[in-house]
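1. Sequence below, structure please.
(one chain, ligands or ions: 1)
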Amino acid sequence: MSSVRVFRRLLGVEHTVVEGVELVKDDKRGEEVIVAAVRPAASHALRCSSCRRRSPYRDAGDGRRRWRTVDLGTVQAFLEADAPRVTCPEHGVIVAAVPWARAKARHTLAFEDTCAWLAAHSAMTVVSALLRVSWRTVAAIVTRVVADLSGNNDRLDGLTRIGIDEIAHRKGHRYLTVIVDHATGRLVWAAPGRDTDTLLRFFDDLGPQRSKALTHVSADGAEWIHNAVKERAPQALICLDAFHVVQWATKALDEVRRGMWNKLRWQGKHGQASSLKGTRWALLKNIQDLTGEQKTTMASIAVTNKGLYRAYLLKEQLRYVFEAKGERGRQLLAPSLSGCTETPRSPGSTPCRA
Ligand SMILES: [Zn+2]
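-> As a prediction, the model looks like this:
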């Protein structure tokens, strides 16, 4: 691969000519940053940024400008290009579209999609720290990505494995339902709300034909997601997020522990009950993370409290199933479920079809 193509991939741009890449001192940031000089490929140059129609050159506009893109390693990276204006028959004098960024955005598509995807999976403050942007910028990007996606169905083409998730924003008072394409990692659809009706609108946009092409849908255990998927894409395998499954097992384990604690107190065995109370953190931890003292605690639980110890082992084995994966994971899962009469309960969970 030529170095230009390598950089095109690294910078996350398409239909773009990379003219040169250099490391320059950024006075505002007080550190060195990577700046790639780029221009749109001929087929994507001089188009209206509103309708993408090819339009005649008007003037140089505000001259050269920069767009922040995804970091290269730990170094911040920017694209730099001319930003000429064109005269669109419909939209008048307007800044020309660039293939690497949305209209009026100061970040590239790759950066904004990364940001929106992260926002769907972690707290705004985490995204803001990780990407080194203000949380206001994160919020503005999510809004722009959602607006862009709401009128655009192209990204729904060729979907087979998708993830359905929800983002809380406005301090948890508002929710967005977001759909991620697992093949590309890109956000492909989003809408306000988190209920079956919202998700049914996604399937309306997708249409029956493309819904039929879905093979896997990953989601947390929320019932509203499962209902919509079962109705519109019954052939798709619903895959539960490993994180949530282990979380339910951990909750179930905590219920077992609390049940035993209550029973011991009821039987007047206060000494044993209070020692059980101190075991909570050891039980919730993963085996390899236990401290020496906690290992001793577990050893004594294994002797004195076999039921609780079994629940702990079931939780640990379930966690290991996801680490081992593949055929080995399947083998591990089979005996533990058949030997366990009480599978982890969760609000509205549906077992995964295997
Ligand atoms: Zn136009």
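2. What segments of the stretch 251-354 of the chain are helices?
-> Remark: helices assigned in the stretch 251-354 of the chain by DSSP state H, counting those that start in this stretch are 270-277, 280-284, 292-304, 306-324, 326-338.
3. Ok, which of those comes nearest the ion?
-> helix 306-324 (49.3 Å; C-beta to the ion). C-beta here means a position set from N, CA and C on the backbone, and glycine is covered the same way.
4. could you say what helices and strands that closest one packs with?
-> Packing partners of helix 306-324 (3 or more C-beta pairs under 8 Å, 6 or more residues apart in numbering; DSSP states H and E): helix 242-266, helix 292-304, helix 326-338.
5. out of these, deepest packed?
-> helix 242-266 (a mean of 16; mean count of other C-beta atoms under 10 Å).
6. Residues in contact with that one: which ones?
-> Residues outside helix 242-266 that contact it (C-beta atoms under 8 Å, 6 or more residues apart in numbering): 220-221, 270, 272-273, 276-277, 279-280, 283-284, 305, 307-308, 311-312, 314-315, 318-319, 322, 342, 344-346, 349.
7. relative to helix 270-277, how tilted is it?
-> 170 degrees (axes from the mean of the first three to the mean of the last three C-alpha atoms, to 10 degrees).
8. what's the angle between helix 242-266 and helix 292-304?
-> If you take the same axes, to 10 degrees, helix 242-266 sits at 60 degrees to helix 292-304.
9. quick one on the thing from earlier: just the buried ones out of the contacts of helix 242-266, please.
-> 220-221, 272-273, 276, 279, 283, 305, 308, 311-312, 314-315, 318-319, 344, 346, 349 (16 or more other C-beta atoms under 10 Å).
10. Redo the helices of the stretch 251-354 of the chain as JSON lines? Include distance to residue 98 and mean pLDDT.
-> Putting the helices of the stretch 251-354 of the chain into JSON lines (distance: least, C-beta to C-beta, whole Å; pLDDT from 0 to 100) gives the following:
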{"stretch": "helix 270-277", "distance to residue 98": "61", "mean pLDDT": "81"}
{"stretch": "helix 280-284", "distance to residue 98": "50", "mean pLDDT": "81"}
{"stretch": "helix 292-304", "distance to residue 98": "56", "mean pLDDT": "83"}
{"stretch": "helix 306-324", "distance to residue 98": "41", "mean pLDDT": "87"}
{"stretch": "helix 326-338", "distance to residue 98": "43", "mean pLDDT": "71"}
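11. can you list those helices in TSV and add distance to residue 9?
-> Formatted as TSV, the helices of the stretch 251-354 of the chain follow (distance: least, C-beta to C-beta, whole Å):
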stretch	distance to residue 9
helix 270-277	55
helix 280-284	42
helix 292-304	46
helix 306-324	30
helix 326-338	29
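12. Go through the ones you listed and name the closest to residue 25.
-> Closest approach to residue 25 among the helices of the stretch 251-354 of the chain is made by helix 306-324 (44.3 Å; C-beta to C-beta).
13. I'd like to check which residues are in contact with residue 145.
-> Residue 145 makes contacts with 112-113, 115-116, 187, 190, as judged by C-beta under 8 Å, 6+ apart.
14. 10 Å instead, please
-> With contact set as C-beta atoms under 10 Å, 6 or more residues apart in numbering, residue 145 has these partners: 102, 105, 109, 112-113, 115-117, 119, 178, 186-187, 190.
15. Same question for residue 232.
-> Contacts of residue 232 by C-beta under 10 Å, 6+ apart are 199-200, 202-204, 206-208, 211-212, 214.
16. How about residue 213?
-> Each residue near residue 213 by C-beta under 10 Å, 6+ apart is listed here: 157-160, 206, 233, 235-236.
17. Go again with 7 Å.
-> Counting by C-beta atoms under 7 Å, 6 or more residues apart in numbering, residue 213 makes contact with 159-160.
18. same deal with the one 5 residues further on?
-> Residue 218 makes contact with 163, 239, 241 under the criterion C-beta under 7 Å, 6+ apart.
19. repeat for residue 100
-> Neighbouring residues of residue 100 by C-beta under 7 Å, 6+ apart: 13, 16, 67, 79, 108-109.
20. wouldn't residue 144 be in contact with residue 105 here?
-> Yes. Using C-beta atoms under 7 Å, residue 144 is in contact with residue 105, at 6.4 Å.
21. Now do the shared contacts for these two.
-> residue 112.
22. Tell me which residues are up against stretch 76-92.
-> By C-beta under 7 Å, 6+ apart, stretch 76-92 touches 11, 13, 29, 33-39, 46, 48, 50-51, 53, 55-62, 64-71, 93-96, 98, 100, 108, 132.
23. how long is it from one end to the other?
-> For stretch 76-92, the first-to-last residue distance is 35 Å (C-alpha to C-alpha, to the nearest Å).
24. Wasn't residue 191 part of a strand?
-> Yes. The assignment for residue 191 by DSSP: H, G, I helix; E, B strand; the rest coil puts it in a strand.
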